[in-house]
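J.: Predicted coordinates and the sequence they were generated for:
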Amino acid sequence: MNYINFCDLKLIDYLKIFKLSFFLKKRNLKIKKNVFMFFEKNSTRTNMAFEIASKEIGSKVIKLNKKKSQLIRGESFNDTIKIISIFNDIIVCRCKKKKMEKIKKISKIPVINALNENEHPTQIINDLFTFLEFFKNFKKKTITWVGKKNNVFNSLKNSSEIFNFRLNTLYKKNKDYKKFYKNSNAVMTDTWNSMYSEKKKGNFLTVKKKYFKYTNKKCIFLHCLPMYVGKEVEKKVINSKMCKIWKQAKNKIITCKAILYYFLIGRK
């Protein structure tokens, strides 16, 4: 079982992953496995979270780039992936979808998408887990997305269809912001030039504190980071009680543990 798109898992799978995440907040599980990490694009939180998560569950992290492998001397990509899947138990990769699909086709072990140009499903698992810590469930809940329809948004949109929450999408300048923010339980955004969407056209929108007067009183603000204060979000929002981005970021270690455990052990 691979995890490339958010829709690769069903509702029951996600409920088990969330249950695992809550469990792992209090206790730890040890599994001795080898986790291969392959990142072609820069990463701070996802990279560190998967590495720390792997080590905390008792697994080893293996990283190998082209310059330090036999690829530089002409060994085929197919043979390299075959060897990686023989030596390891799971692959966590960040690269373009075409290459990711090729890795998935060759590999005999699970392949986890740590971001490609189409989706960022592990990020949305983390964001929804953070949401659940505040609201317990998704019934009759509303999340408002502000910004480009990028890879993070695509996974969020797919998640709304699985969990049946209302998703408001504000991706271009509008005279009536109230209807997009109205009764929202969470407001989410991403950088103006998020990874793999740097050249994607769209209006530059800013999440402003004044719009939260339209939201649910307990509304939270989430941002997958990195953030650029004064651009996609104003400082007043970051300094407010509604901002939960640091809790969200810290949760990545927990949800990465749950994802690894689920694909290595939990589904068997």
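T.: Received the coordinates, thanks. The shown structure was predicted, so the numbers you read here are calculated from the model rather than taken from an experiment.

J.: and Lys25, what does it touch?
T.: The contact partners of Lys25, taken as CB atoms under 8 Å, 6 or more residues apart in numbering, are Ile254. (C-beta placed from N, C-alpha, C; glycine too.)

J.: Can you read off the pLDDT for it?
T.: Here the pLDDT value assigned to Lys25 is 95.

J.: Over to the one 10 residues further on?
T.: Reading off the per-residue confidence, Val35 sits at a pLDDT of 98.

J.: So what's the residue count around it?
T.: Neighbour count for Val35, taken as other CB atoms under 10 Å: 24.

J.: So, low pLDDT: which residues of the stretch 1-150 of the chain?
T.: For the stretch 1-150 of the chain, not a single residue meets the criterion pLDDT under 70.

J.: Helices of that one, start to end?
T.: Under the criterion DSSP state H, counting those that start in this stretch, the stretch 1-150 of the chain carries helices at the ranges 11-24, 45-56, 77-87, 97-106, 121-135.

J.: Can you spell out which helices and strands pack onto the longest helix along the chain?
T.: Ranked by residue count under DSSP state H, the longest helix found in the chain is helix 245-261. Contacts defined by 3 or more CB pairs under 8 Å, 6 or more residues apart in numbering; DSSP states H and E place helix 245-261 against helix 11-24, helix 45-56, helix 121-135, strand 220-223.

J.: Can I get these in a markdown table including distance to Lys173 and mean neighbour count?
T.: Shown next, in a markdown table, are the helices and strands packed on helix 245-261 (distance: least, CB to CB, whole Å; neighbours: other CB atoms under 10 Å):
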| stretch | distance to Lys173 | mean neighbour count |
| --- | --- | --- |
| helix 11-24 | 34 | 16 |
| helix 45-56 | 29 | 19 |
| helix 121-135 | 25 | 22 |
| strand 220-223 | 20 | 24 |
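
J.: Looking at those, spot the one closest to Val146.
T.: When the helices and strands packed on helix 245-261 are ranked by proximity to Val146, the top entry is strand 220-223, at 9.9 Å, counting by CB to CB.

J.: what's the closest one packed up against?
T.: Counting by 3+ CB pairs under 8 Å, 6+ apart, strand 220-223 packs on helix 121-135, strand 186-189, helix 245-261.

J.: So for the last one, mean pLDDT?
T.: Helix 245-261 comes out with an average pLDDT of 98.

J.: How about that helix, which residues are buried there?
T.: 245, 248-249, 251-261 (16 or more other CB atoms under 10 Å).

J.: of all those, which two lie farthest apart?
T.: Ile245 and Tyr261 (25.1 Å).

J.: hang on, isn't Ile72 packed against Leu64?
T.: No - checked against CB atoms under 8 Å, the pair Ile72 and Leu64 is beyond contact range at 11.2 Å.

J.: For the nearest residue to Leu20 once chain neighbours are set aside, give me its contacts.
T.: Closest residue to Leu20 apart from its sequence neighbours, by CB to CB, 6 or more residues apart in numbering: Ala258 at 4.0 Å. Counting by CB under 8 Å, 6+ apart, Ala258 touches Ile17, Phe18, Leu20, Ser21, Leu24, Ile125.

J.: Tell me the one of these nearest Lys218?
T.: Distances from Lys218 to the contacts of Ala258, taken by CB to CB, are shortest for Phe18, at 19.6 Å.

J.: In this model Ser59 seems to touch Ile31, though I could be wrong.
T.: Yes - with contact defined as CB under 8 Å, Ile31 and Ser59 form a contacting pair (6.2 Å).

J.: if I look at those two, which residues touch both of them?
T.: Leu260, Leu264.

J.: higher neighbour count, these two?
T.: Taking other CB under 10 Å, Ile31 and Ser59 do not tie; Ser59 has more neighbours (22 against 15).

J.: Now for the residue lying farthest from the centre of the chain: which residues touch it?
T.: Relative to the C-alpha centroid of the chain, counting by CA atoms, centre = their mean, Arg73 is the outermost residue, at 34.3 Å. Going by CB under 8 Å, 6+ apart, Arg73 touches no other residue.
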